[in-house]
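A.B. asks: Quick one: sequence plus predicted model below, questions after.
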Amino acid sequence: ELKVEQNPLFLSMQEGKNYTIYCNYSTTSDRLYWYRQDPGKSLESLFVLLSNGAVKQEGRLMASLDTKARLSTLHITAAVHDLSATYFCAVPPSNPGNQFYFGTGTSLTVIP
Amino acid sequence: NAGVTQTPKFQVLKTGQSMTLQCAQDMNHNSMYWYRQDPGMGLRLIYYSASEGTTDKGEVPNGYNVSRLNKREFSLRLESAAPSQTSVYFCASRDYLGGDTQYFGPGTRLTVL
């Protein structure tokens, strides 16, 4: 059974601080996805990482993927209140690559 | 361009009742998905359709059936609802060729009494 683990599950941080969310997975996959979900809303795609060593940045968020370590990180730089949300990673196993397994999410609260 | 739409937005059922959740996308995507989201458990895949005419089971298919009516529409049916099916249901479509992004619908909040 494929497992996708996120750490931490809950994160409370002050504005202006940096932090990293980790996503580990237990099977072979060559890609990984990050999503954001606001309370009571749907999911919004943040990053699609399509190969080993992929790094993508958007504003204060930067995501990276190490397929050999089966690890992705989502780094938050100088957090602001607007980043408060739940963040999910999702992994499709390489064979056949059609199913997606989601982590349990990291609930981020940025405190002014 | 509406993206992914779902109906209904909210539904309350009694145990044993049946219902169909509807999903449609106007982005010409081949792949579509049904997920359920429960508190503290992230999203779990119920069924998916990699292309028109095909459907496959996901992680939690028991108690559900699906129909890929055409390229645009992918419905999820609960034949005999149970309280354990109380959840928020999301439909998604996948833009595999254009960056491999999943686009999610607004969700259906289902309560089974």
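C.D. replies: Yes, it's here. Residues are numbered from 1 along each chain as shown, chains lettered A, B, ... in the order given.
A.B. asks: contacting residues for residue 50?
C.D. replies: Using chain A. Taking Cβ atoms under 8 Å, 6 or more residues apart in numbering or on different chains, we find A:Leu50 in contact with A:Asp30, A:Arg31, B:Asp100. To be clear about C-beta, it is placed using only N, CA and C from the backbone, and glycine gets the same treatment.
A.B. asks: Please refer instead to chain B.
C.D. replies: If a contact means Cβ under 8 Å, 6+ apart, then B:Ala50 has A:Asn98, B:Asn30, B:Ser31, B:Asp56 as its contacts.
A.B. asks: ok, back up a step: most surrounded residue in the contacts of A:Leu50?
C.D. replies: Scoring the contacts of A:Leu50 on neighbours with other Cβ atoms under 10 Å in any protein chain shown, the highest-scoring entry is A:Arg31 at 19 neighbours.
A.B. asks: Check whether the helix or strand of chain B with the lowest mean pLDDT comes into contact with chain A.
C.D. replies: Lowest on mean pLDDT, DSSP states H and E among the helices and strands of chain B sits strand B:101-104, with a mean of 92. Yes - contact of strand B:101-104 with chain A (Cβ under 8 Å from any Cβ of the partner chain) involves B:Thr101, B:Gln102, B:Tyr103, B:Phe104.
A.B. asks: For the residues you listed, give me a markdown table that also has distance to A:Asn7 and neighbour count.
C.D. replies: Listed next are the residues of strand B:101-104 next to chain A as a markdown table, based on distance: Cβ to Cβ, whole Å; neighbours: other Cβ atoms under 10 Å in any protein chain shown:
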| residue | distance to A:Asn7 | neighbour count |
| --- | --- | --- |
| B:Thr101 | 25 | 17 |
| B:Gln102 | 23 | 23 |
| B:Tyr103 | 27 | 18 |
| B:Phe104 | 24 | 22 |
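A.B. asks: out of those residues, who's nearest A:Cys89?
C.D. replies: Of all those, B:Gln102 has the smallest distance to A:Cys89: 12.6 Å, by Cβ to Cβ.
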